[in-house]
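A.B. asks: Sharing a model prediction with you, sequence too.
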Amino acid sequence: MKKFVLLIALAIALTGCGGGGTSSVEESFVSGDGSTTFIKIEDRKIAPSITGLTLSGTNYMYPKDKVAVVNVWASWCSPCRAEAPILVALANKYTDVAFIGILTRDNPANAEAFERRFKIPYPTVIDDSILIGFKGSLPANAIPTTVILDKAGRVAARISGVVTVASLTQLIERVSAE
């Protein structure tokens, strides 16, 4: 009887750790709360070089002469799926702004399916080591994180968590007007 009770207790404990069928990767990510951080021009730092192989197999290099929206995402991330239509709509609206994805902690096959599903019109770089370069300014502290770069290639703002149309539009227009 003691073994039976022990097995039941172990089964309950393991069931509680299961996460309801979600992947272990998704369980270990930190989701942001949508908070926005804006940096004054005089306090901005140069963003890391955003270059590398894209999901489509081409080499990409961000030209530091235009405002950019850099979105850190993964296909397994529920908040990333929630914000994808917003990013697509704003990328199509703000054609003079460079939209760039950075894939993190994901595999290319799943990410390609994600891009096809949401019809992502901008490149996604498959090198999350780029994220280390944001450490001295506004690091990607959650998945998703969206960083806005100014025309000089400096980190101007960050949204930690899911973007909204209002939050991202406000930052794009504010940084573009500088």
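C.D. replies: Nice, thanks for sending it over. Residues are numbered from 1 along each chain as shown.

A.B. asks: what's the neighbour count on Ala152?
C.D. replies: Neighbour count for Ala152, taken as other C-beta atoms under 10 Å: 14. Where C-beta positions appear, they are placed from N, C-alpha and C, glycine not excepted.

A.B. asks: Look at it and report its pLDDT.
C.D. replies: pLDDT recorded at Ala152 is 95.

A.B. asks: Now it: closest residue in space, sequence neighbours ignored.
C.D. replies: Lys64 (6.8 Å; C-beta to C-beta, 6 or more residues apart in numbering).

A.B. asks: From Trp76, how far out is the one you found?
C.D. replies: Computed as C-beta to C-beta, to the nearest Å, the Lys64 to Trp76 distance reads 31 Å.

A.B. asks: and those two? which has more neighbours close in?
C.D. replies: Trp76 (21 against 17).

A.B. asks: Just list the residues touching the most centrally placed residue in the chain, thanks.
C.D. replies: Geometric centre of the chain, nearest residue: Val72, 2.0 Å, by C-alpha atoms, centre = their mean. Neighbouring residues of Val72 by C-beta atoms under 8 Å, 6 or more residues apart in numbering: 101-102, 104, 128, 131, 140, 143-147.

A.B. asks: Following element in sequence after the helix or strand where Ile86 lies, please.
C.D. replies: Taking DSSP states H and E as the definition, Ile86 sits inside helix 78-93. As assigned by DSSP H and E, the chain's next helix or strand after helix 78-93 is strand 98-103.

A.B. asks: can you tell me how far Asn110 sits from Lys93?
C.D. replies: Counting by C-beta to C-beta, the gap from Asn110 to Lys93 is 27 Å.

A.B. asks: Would you format the contacts of Val72 as CSV with neighbour count, distance to Gly153 and secondary structure included?
C.D. replies: What follows is those, written out as CSV (neighbours: other C-beta atoms under 10 Å; distance: C-beta to C-beta, whole Å; DSSP: H, G, I helix; E, B strand; the rest coil):
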residue, neighbour count, distance to Gly153, secondary structure
Gly101, 28, 18, strand
Ile102, 25, 15, strand
Thr104, 22, 21, coil
Asp128, 16, 19, helix
Leu131, 18, 16, helix
Ala140, 24, 17, coil
Ile143, 25, 23, coil
Pro144, 29, 21, coil
Thr145, 24, 18, strand
Thr146, 27, 16, strand
Val147, 27, 12, strand
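
A.B. asks: all strands for the chain, in order.
C.D. replies: 35-38, 51-53, 59-61, 68-73, 98-103, 124-125, 145-149, 155-160 (DSSP state E).

A.B. asks: Neighbouring strands - and their directions - for the second one?
C.D. replies: Under the criterion DSSP bridges, strand 51-53 sits next to strand 59-61 (antiparallel) in its sheet.

A.B. asks: Just the mean pLDDT for the strand it pairs with, thanks.
C.D. replies: Here the average pLDDT along strand 59-61 is 95.
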